[in-house]
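Fold the stuff below for me.
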Amino acid sequence: MSGGSSKPPVPVAIVGPTASGKSALGLDIAERLGGQIVNVDAMAQYRGMDIGTAKPPVAERRGIIHHQLDVLDVTETATVARYQDAARADIERLLGTGITPVIVGGSMLYVQALLDDWSFPATDPLVRAGYEQQLADIGVAAMHRLLAEVDPQAAATILDTDGRRIVRALEVVELTGKPFAASAPTIGEPRWGTIILAVDRDTAALDERIARRTGQMFTDGLVAEVEALCEAGLREGVTAPRAIGYAQVLDYLDGTIDLDQARELTFIGTRRYVRRQRSWFRRDHRITWLDGGDPDLLTTAMRVVGSD
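From the prediction side, this is the model:
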């Protein structure tokens, strides 16, 4: 499946919960196959958001080319539709040159948009503006309750703090007369015949890794990173300032919480996100699940990929 193989390359996707070990396995597989990494972590698209997204530093990428990293300024809005177009183009270009794309990340909608035939419903600026004004008037919690009334399934999958996605779901329901999920694709054969692996760990072990990672982020200078990003317009962004870790540090800088609270809330927010990732990916019957604690993880993964 590498560039030198007689067989045409097939993409390999490595998904699953945060802090499970996806990035390391992705590098190992890309190195073994002579492939290149295609990022599928929404917040890793942002330039300068390095520590809080656990983005692999350039020095640790083993010379492997990464796509869809550092492609947005923090003032730009990250959208699934933009990512879908750009990442598909990257993958098709790699396949056309005989290189294996190794897709790595855990952003659920981004993964599904990339691997499935997902056409996004049209938007209506007037309808959206109405819901955005309602959000400003009554707050995100009340909007989430409104969504739960008209589309319980969407409310169950969208965080009650994610005003932007709540507004979008309400807009789609109003424009289509159907639940937000009705616009999502049916899970079938993945695009390009992609082999999908997921890395997970025992819950207690993963919680410990999340706690260590969170502490290390603050030790490594997350607060200074956020301060620098504020100079670049972070507060004016729509999606970037809501990223886990960044939102909590902004609250700390605003004086609404102290640093210990910011650290603890980052840990709690990450752990909560992990539960959503597990629930989402466990529904996908195409995935082969791997234990991130397996000492022979790469060997096991390559056996699934079919190249050892």
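
Only C-alpha atoms from now on, for both contacts and neighbour counts.
Will do.

Point out where the stretch 1-150 of the chain drops to low pLDDT.
Across the stretch 1-150 of the chain, the ranges flagged by pLDDT under 70 are 1-6.

at 90 instead, please
The stretch 1-150 of the chain contains residues with pLDDT under 90 at 1-7, 79-81, 109, 117-126, 128.

The stretch 101-250 of the chain: helices as residue ranges?
Applying DSSP state H, counting those that start in this stretch to the stretch 101-250 of the chain gives helices spanning 108-115, 125-138, 140-150, 152-157, 163-176, 203-219, 222-231, 246-253.

Same question for the fourth one: list its buried residues.
Residues 154-155 are the ones in helix 152-157 that count as buried (16 or more other CA atoms under 10 Å).

Make CSV from the helices of the stretch 101-250 of the chain and add distance to Thr186 to it.
CSV is the format used below for the helices of the stretch 101-250 of the chain (distance: least, CA to CA, whole Å):
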stretch, distance to Thr186
helix 108-115, 10
helix 125-138, 26
helix 140-150, 22
helix 152-157, 16
helix 163-176, 18
helix 203-219, 29
helix 222-231, 39
helix 246-253, 33
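
pLDDT weak spots in the stretch 151-300 of the chain?
Looking at the stretch 151-300 of the chain by pLDDT under 90, you get 153-162, 164-165, 175-188, 238.

Relative to Ala59, which of the helices of the stretch 101-250 of the chain is closest?
Ala59 lies closest to helix 203-219 among these, at 17.7 Å (CA to CA).

helices and strands around that closest one, which ones?
Applying 3 or more CA pairs under 8 Å, 6 or more residues apart in numbering; DSSP states H and E, we find helix 203-219 packed against helix 259-282.

Tell me which other helices or strands the helix it packs on touches.
By 3+ CA pairs under 8 Å, 6+ apart, helix 259-282 packs against helix 108-115, helix 203-219, helix 246-253.

Just checking: what are the partner strands of the helix or strand following it?
Next along the chain after helix 259-282, taking DSSP states H and E as the criterion, comes strand 288-291. Using DSSP bridges, strand 288-291 pairs in its sheet with strand 195-200 (parallel).

residue boundaries of the strands in the stretch 1-150 of the chain?
In the stretch 1-150 of the chain, the segments counted as strands under DSSP state E, counting those that start in this stretch are 12-15, 36-39, 66-67, 101-104.
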